[in-house]
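K.L.:
what's the 3D shape of this:
(one chain, ligands or ions: 1)
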Amino acid sequence: MLSTYRFDCISISHFGKLIRQGRRFRSTDIAVTGNLVNKEYNEVKPFSQIPGPPSLPILGTSYLYRFGKYQITKYHEALKDLHRKYGPVFRQNWAGQEVIHVFDLEDVKTVLHGAGKTPVVPPIQEGSRIYRLKKNHSVGLGNLNGDEWYEMRSAVQQIMLKPKEVQHYLPKADGISKHFVERMLKQRTAEGHMNDFHNLTSKWFLENAGEILFERRLGCLDGGITEEEGQKWINSNREIFYYNAILKIATPLYKYIPTQPWKKLVAAEDYFHKAAGKYIKETIKTIQELTESKQMTENKYNLMAYFLSRRELDEKDISFMCHSLISDGLSTVPSSLQYNMHLLAKNPKVQQKLYEEVSKNVPENGNITIDVLNKLSFVKAAVKETFRMYPLGTEVSRVIQKDTVLGGYHVPAGTVIDLNHSSQLRSEKYFPNPNEFKPERWMRGDDATTNAFILTPFGHGTRMCVGRRFALQTLHVGVARILQKFELVCNPEDELGQEFNTLLFPDRPLTVKKV
Ligand code: HEM
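P.N.:
Model prediction:
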C-alpha cells in the first residue's frame with residue numbers, strides 16, 4: 001500500500017511550488033529512510049546543513065590527507081574518526097567532487113533499494129579510467145552506466161555468474177591449490193615459517209586467472225623467469241591501486257599535466273596491459289584457429305570462447321574483462337586468503353573445527369568436487385566471517401537518481417553517496433563480541449546473525465560483483481587445501497592491520513608457521 005507524507009511546512013527550495021502548496025506526496029515521489037516513515041517532513045533538514053570538515057577551494061577536504069591529521073593509506077581509520085566526529089551522515093569534497101558518506105544501515109538500504117535495476121555508480125578508480133580513455137581502451141564494466149553498462153553486464157554475467165560454468169574450473173582450482181601447498185611446504189624456513197605469503201598467494205591467484213582465461217598455467221609457482229614475470233605483474237597491479245589512492249586526494253591537475261603520481265600510474269598500467277595483452281592476443285588467435293580448422297570443442301576455452309561469441313562485446317571489452325579478472329582478483333582474493341590464515345592462526349579452536357570438517361570431507365589424494373565443496377559449510381562460514389573482520393573495501397558507491405532523505409537531510413538527485421557501513425562490521429551494535437572470530441554467526445543455529453544485510457562484501461543488487469563466484473570458489477578450495485596440510489600458529493598478540501590502496505590490503509607481510 002502506498003503511504004503518504006505531509007510536506008506542509010517544509011522549506012526545501014528544491015521541491016519548489018509543490019511544497020509551498022502543501023501537496024501530499026506518495027512514497028514513489030521520494031525515497032524515505034525507514035526511521036523517518038510517518039514523521040512530519042518539516043523535520044527534514046536542508047542539504048546545506050549536512051556536516052563535514054571545512055572544504056577549501058580547489059583542494060576540497062583532501063588537505064586533511066595531504067597536510068592534515070590523516071594519511072590516505074589509513075583512509076578506513078579516517079572514516080571512522082570522521083564518523084565519530086560528524087555523525088552518521090557527513091560530506092567530503094575530493095577536489096570538486098562532493099561525496100556524502102552514510103553509515104546508518106537504514107540509509108544504506110534506502111540508497112541501495114532506491115537504485116533500481118540499473119544503479120548509477122561514480123568511477124571506481126578515476127586515474128585508471130582516464131588512462132583507459134587516453135589509450136582508447138574500454139573503460140570497463142565498473143565505470144559504465146545506463147544502457148552501455150546493462151548491455152555489457154548482461155553479456156558477461158550469463159557466464160560468470162552461472163554456477164555450472166564456474167564449477168567447470170573447479171578441477172583446475174583444486175590442482176593449483178595443491179601445487180600452491182607443495183610450494184608452501186618447500187618454501188618454509190627451518191623453523192617452519194612461511195614468509196612472503198602475500199606474493200605467494202598472489203601467484204596462486206594469477207595461476208587461477210591463467211587457467212580461467214587462457215586455459216594454461218602461467219608458471220608463477222615454478223620459479224625462474226616466468227615467476228619473475230608474474231612478480232612484476234603483481235607489483236604493477238599493486239602500484240595501480242596505490243597510485244589511484246594517491247590521485248584520489250590530488251588536485252585534478254594530473255588530468256592535464258603529467259604529475260609524478262600520474263606518470264607512475266601510467267607506467268604500472270602500461271606494464272600490466274603489455275603483460276596481459278600478450279596472453280589475451282595469443283588466446284584469441286588460438287581460438288580463431290581452432291574454430292577455422294573445426295577443432296574447437298565445447299569445453300575448450302569456455303569463458304573466452306563465450307566472450308568472443310557475444311556480438312555485444314568487441315575486442316576492447318573482452319580485453320577489459322580479462323584485465324578485470326586478473327586485476328580485481330589479484331587485489332582481493334590473495335588478501336582475503338591471508339586474512340583467513342591470520343584469523344585461523346589466532347583462533348586454534350576454530351581452526352581445529354575447520355580442520356575436522358576438511359579431513360572428514362576432502363580426500364588427500366583425490367579431488368575437490370562440487371559434492372565435496374557442498375559439504376564444507378564451516379569453511380564457507382569462516383570465509384564469510386573473515387569478510388566481516390577484514391572487509392576488502394571501504395565503501396560501495398551510488399549516484400542517487402531521485403531526491404532522497406538520508407539521516408534526516410534532503411539529498412538531491414545526482415549526488416554521489418558512499419555507503420560506509422563496512423566500517424561498522426566490528427560494532428557491538430550489530431555483532432555481539434564483535435572482535436571474536438566466530439564463523440557460527442553465518443550458520444543456522446542460535447548464534448546466527450539476524451541482520452545479514454550489514455555484511456555485503458560483494459555489494460548489492462544488479463551491480464553486485466560479477467567475479468564473486470570465481471572468487472569464492474578459489475578461496476574455499478585454497479583454505480581447504482592449506483588446512484589439510486598446515487596447522488597454522490601465530491603469537492596471540494599478533495594483530496594484522498590494513499592499508500588503504502583504493503582497496504584494503506594487509507599492512508605487512510603475513511608470516512604463518514606450520515607446526
Ligand atoms: C573476494 C573478492 C572480491 C570482492 C570482495 C569483490 C567486491 C566487489 C564489490 C563490493 C563490488 C561493487 C558492487 C556494487 O557496487 O554493488 C564489485 C564489483 C565488481 N567486481 Fe568484484 N570483488 C571481488 C573479486 C572480483 C573478481 C575476481 C573479479 C573478476 C572478474 C571482480 C570483478 C568485478 C567487476 C567487473 C565489478 C563491477 C560490476 C558492475 O559494475 O557491474 N571482482 N566487486
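
K.L.:
which parts of the stretch 351-500 of the chain sit against the ligand?
P.N.:
Neighbours of the ligand within the stretch 351-500 of the chain, by CB under 6 Å from any ligand atom: 392-393, 396, 457-460, 463-467, 470-471. In this view, the C-beta of every residue, glycine as well, is placed from N, C-alpha and C.

K.L.:
Would you write a PyMOL line that selects the buried entries of those?
P.N.:
Buried residues among those (16 or more other CB atoms under 10 Å), as a PyMOL selection:
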select buried, resi 392+393+396+457+458+459+460+463+465+466+467+470+471
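
K.L.:
Helices - which of the residues of the stretch 351-500 of the chain next to the ligand land there?
P.N.:
470-471 (DSSP state H).

K.L.:
now the residue of the stretch 101-250 of the chain found nearest the ligand, nearest residue through space, not along the chain?
P.N.:
When scored by CB to the nearest ligand atom, the stretch 101-250 of the chain has Gly142 as its residue closest to the ligand, at 3.7 Å. Among residues not flanking Gly142 along the chain, Ile124 sits closest, at 4.8 Å (CB to CB, 6 or more residues apart in numbering).

K.L.:
Show the contacting residues for the one you found.
P.N.:
142-143, 397, 502 (CB atoms under 8 Å, 6 or more residues apart in numbering).

K.L.:
returning to what we had before: turn the residues of the stretch 351-500 of the chain next to the ligand into a markdown table, columns for distance to Ala381 and pLDDT.
P.N.:
Putting these into a markdown table (distance: CB to CB, whole Å; pLDDT from 0 to 100) gives the following:
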| residue | distance to Ala381 | pLDDT |
| --- | --- | --- |
| Leu392 | 18 | 98 |
| Gly393 | 21 | 97 |
| Val396 | 22 | 96 |
| Pro457 | 13 | 96 |
| Phe458 | 16 | 97 |
| Gly459 | 20 | 95 |
| His460 | 20 | 93 |
| Arg463 | 25 | 96 |
| Met464 | 20 | 96 |
| Cys465 | 19 | 97 |
| Val466 | 24 | 97 |
| Gly467 | 21 | 97 |
| Phe470 | 20 | 98 |
| Ala471 | 16 | 98 |
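
K.L.:
can you tell me which of the residues of the stretch 351-500 of the chain next to the ligand lies nearest to Leu496?
P.N.:
Taking CB to CB as the measure, Leu496 lies nearest Leu392 of these, at 13.4 Å.

K.L.:
Rounded mean pLDDT for stretch 323-339, please.
P.N.:
Stretch 323-339 shows a mean pLDDT of 97.

K.L.:
Return the distance of that stretch from the chain's centre.
P.N.:
In terms of CA atoms, centre = their mean, to the nearest Å, the centre of stretch 323-339 is set 9 Å apart from its chain centre.

K.L.:
distance of the closest residue to Gln187 other than its chain neighbours from Glu227?
P.N.:
Excluding its sequence neighbours, the residue lying closest to Gln187 (CB to CB, 6+ apart) is Met194, at 6.4 Å. Distance of Met194 to Glu227, computed by CB to CB, to the nearest Å: 16 Å.

K.L.:
Also Ala250?
P.N.:
Distance, Ala250 to Glu227, by CB to CB: 34 Å.

K.L.:
quick one, which of those two is more surrounded?
P.N.:
Ala250 (22 against 16; other CB atoms under 10 Å).

K.L.:
For that one, give me the pLDDT.
P.N.:
pLDDT, Ala250: 92.

K.L.:
what does Thr449 give?
P.N.:
Thr449 carries a pLDDT value of 75.

K.L.:
Three-state assignment for it, please.
P.N.:
Under DSSP: H, G, I helix; E, B strand; the rest coil, Thr449 falls in the coil class.

K.L.:
who are the neighbours in contact with it?
P.N.:
430-431, 441-442, 455.

K.L.:
go on, Leu472?
P.N.:
380, 383.

K.L.:
again, 7 Å this time
P.N.:
Applying CB atoms under 7 Å, 6 or more residues apart in numbering to Leu472 gives no contacts.

K.L.:
low pLDDT regions in this structure?
P.N.:
For the chain, the stretches with pLDDT under 70 are 1-42, 446, 452, 514-515.

K.L.:
Any part of the longest helix that it contains near the ligand?
P.N.:
Taking DSSP H as the criterion, the chain has its longest helix at helix 260-292. No. Legend: contact between helix 260-292 and the ligand by CB under 6 Å from any ligand atom is lacking; minimum distance shown is 12.8 Å.

K.L.:
What are the buried residues along that helix?
P.N.:
261-262, 264-266, 268-269, 271-273, 275-276, 279-280, 283-284, 286-287.

K.L.:
Those residues of the stretch 51-200 of the chain touching the ligand, which are they?
P.N.:
121, 141-142, 153.

K.L.:
Out of these, list just those in helices.
P.N.:
Reading helices off those with DSSP H, I get Arg153.

K.L.:
Adding neighbour count and distance to Asp328 as columns, could you present the residues of the stretch 51-200 of the chain next to the ligand in CSV?
P.N.:
Converted to CSV, those look like this (neighbours: other CB atoms under 10 Å; distance: CB to CB, whole Å):
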residue, neighbour count, distance to Asp328
Val121, 18, 14
Leu141, 22, 10
Gly142, 18, 8
Arg153, 18, 15
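
K.L.:
For the stretch 201-350 of the chain, which segments count as helices?
P.N.:
Assigned by DSSP state H, counting those that start in this stretch, the helices in the stretch 201-350 of the chain fall at 224-248, 260-292, 302-309, 315-330, 333-346, 348-361.

K.L.:
and Gln424, which of these is closest to it?
P.N.:
By CB to CB (comparing all of these), the closest turns out to be helix 333-346, at 17.8 Å.

K.L.:
Need the contact partners of the closest one.
P.N.:
Against helix 333-346 from outside (CB under 7 Å, 6+ apart): 197-198, 201-202, 205, 350-351, 354, 382-383, 386, 389-390, 392, 437, 471, 474-475, 478-479, 482, 488-490, 492, 494, 496, 505-506, 510, 512.

K.L.:
Send me stretch 207-218 as CSV with only the CA atoms.
P.N.:
Below are the C-alpha coordinates for stretch 207-218, written out as CSV (Å, rounded to 0.1, in the frame of the first residue of the first chain):
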residue,chain,number,x,y,z
GLU,A,207,47.7,-19.2,-11.8
ASN,A,208,43.9,-19.5,-11.3
ALA,A,209,43.3,-16.5,-13.6
GLY,A,210,45.6,-18.0,-16.2
GLU,A,211,43.6,-21.2,-16.3
ILE,A,212,40.2,-19.4,-16.4
LEU,A,213,41.1,-17.0,-19.1
PHE,A,214,43.9,-18.6,-21.2
GLU,A,215,43.5,-22.3,-20.3
ARG,A,216,47.1,-22.6,-19.3
ARG,A,217,49.4,-22.5,-16.3
LEU,A,218,51.4,-19.3,-16.3
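
K.L.:
on that earlier part again, farthest-separated two in the contacts of Thr449?
P.N.:
Across the contacts of Thr449 (CB to CB), the longest gap, 13.2 Å, separates Tyr430 and Trp442.

K.L.:
Compare these two (neighbour count), which wins?
P.N.:
Higher neighbour count among Tyr430 and Trp442: Trp442, with 21 against 18, using other CB under 10 Å.

K.L.:
For the ligand, see how far away the more buried one is.
P.N.:
15 Å (CB to the nearest ligand atom, to the nearest Å).
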